[in-house]
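Peer 1: Dropping the sequence and predicted coords here.
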Amino acid sequence: MVTSEQRRRQLAREKYERQAERRAEAQKHTRRRNAIIGAALAVVVLAGGGALIGGVFDSDAKKTPSAQAAPTPAATATTPAVRKAVDGCAAPADGKPNAKQWAAEPAMTVDAKAAYTATLDTNCGKVTIALDAAKAPHTVNSFAFLSGEQYFDHVKCHRLTTDGIFVLQCGDPTGSGSGGPGYQFADENLTGATYPAGTVAMANAGAGTNGSQFFLVYKDTQLPPSYTPFGKITGGLDVLTKIAAAGTLDGGTDGAPMADVTLNAVTTAKG
């Protein structure tokens, strides 16, 4: 005879298995669509151990699939991830992303010979960036256009990676990793591109698919030269390392950051 306790455990186990299957399918779908760093690429092991395979970062090709981004054993269906306060991070400013869409890349308005700066005013602190209009004019032009349209305001930084590849990804108003402004533009500044700490580069889903998503490198990272570098962090790298130190929401090495990182406002300025 099955006791009520045995029946309860059986139902709980079946529920967990169903949710695990749905979660695995969702992760598979996300890996295909994730903008950062070539969801369409299949990159073999990089020098030093960093690899990108199907949009999922794996710091060592010899690791088993469990090394990829996934909930830790403790983060089961019966113990959902709980966001914890992160020192130095306040509640995001009130407001929602506007998620505007445009049919085409904006007309060129930046001066490739001029200096431009960007300020990311996040709820965890400010990050300042020197933009490289000389080497990535279209990218800087798009970034300046979107910031002027307040496209980035109230947008969450939806992805943090903490093993092998060390980046915080932002710029998607949907927070799904697949959103964008409606237009795409070509890659720039890829010859000899590297990604040391402080690099700001475009996320993409393959060659020529740049939109609004970008990533901030908080620790030296090895990647193929496939992601347009368009700026260098000049202040606030400590903000990023603090966010990274808090880890991801589910405890894995690739996922939403524990800190509820939000771009309260993003501005660009000439000179």
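Peer 2: Received it, and whenever you're ready, just let me know what you need.
Peer 1: what residue ranges in the stretch 1-150 of the chain score low on pLDDT?
Peer 2: Residues of the stretch 1-150 of the chain that meet the criterion pLDDT under 70 lie in 1-80.
Peer 1: beta partners of the residue most central in space within the chain?
Peer 2: Nearest to the mean C-alpha position of the chain, counting by Cα atoms, centre = their mean, stands residue 169 at 2.0 Å. Residue 169 has these beta-bridge partners by DSSP bridges: residue 159, residue 215.
Peer 1: ok, now which ones touch it?
Peer 2: Counting by Cβ atoms under 8 Å, 6 or more residues apart in numbering, residue 169 makes contact with 35-36, 157-161, 177, 203, 213-216. In this view, the C-beta of every residue, glycine as well, is placed from N, C-alpha and C.
Peer 1: Quick check: residue 242 is in a strand.
Peer 2: No - under DSSP: H, G, I helix; E, B strand; the rest coil, residue 242 sits outside any strand and is assigned helix.
Peer 1: So it is in contact with residue 86, correct?
Peer 2: Yes - look at residue 242 against residue 86 with Cβ atoms under 8 Å: they come within range, at 7.2 Å.
Peer 1: Overlap in contacts, those two.
Peer 2: 124, 259.
Peer 1: Break down the stretch 101-250 of the chain into its helices, ranges please.
Peer 2: Per DSSP state H, counting those that start in this stretch, the stretch 101-250 of the chain has helices spanning 137-148, 237-245. These are given in chain order.
Peer 1: Average pLDDT for stretch 261-269, rounded please.
Peer 2: Throughout stretch 261-269, pLDDT has a mean value of 98.
Peer 1: What residues sit buried inside it?
Peer 2: Going by neighbour count (16 or more other Cβ atoms under 10 Å), the buried part of stretch 261-269 is 261-266, 268.
Peer 1: Which parts of this structure are strands?
Peer 2: For the chain, the strands defined by DSSP state E occupy 51-53, 56-58, 116-122, 125-131, 155-156, 159-163, 165-170, 199-202, 214-217, 229-235, 254-255, 262-270.
Peer 1: Residue 81: which of these is closest?
Peer 2: Proximity to residue 81 (Cβ to Cβ) singles out strand 254-255 among these, at 8.9 Å.
Peer 1: Direction included, what does the closest one pair against?
Peer 2: Checking strand 254-255 against DSSP bridges gives partners strand 159-163 (antiparallel).
Peer 1: and the angle for the partner strand with helix 237-245?
Peer 2: 80 degrees (axes from the mean of the first three to the mean of the last three Cα atoms, to 10 degrees).
Peer 1: Run the chain-centre distance for strand 159-163.
Peer 2: Relative to its chain's centre, strand 159-163 lies at 8 Å (Cα atoms, centre = their mean, to the nearest Å).
Peer 1: start to end distance for stretch 181-193?
Peer 2: Terminal residues of stretch 181-193 are spaced 25 Å apart (Cα to Cα, to the nearest Å).
Peer 1: Need the residues that contact it.
Peer 2: Contacts with stretch 181-193, where a contact means Cβ under 8 Å, 6+ apart, come from 100-106, 132, 135-139, 142, 146, 151, 201-202, 204, 207-212, 225-230.
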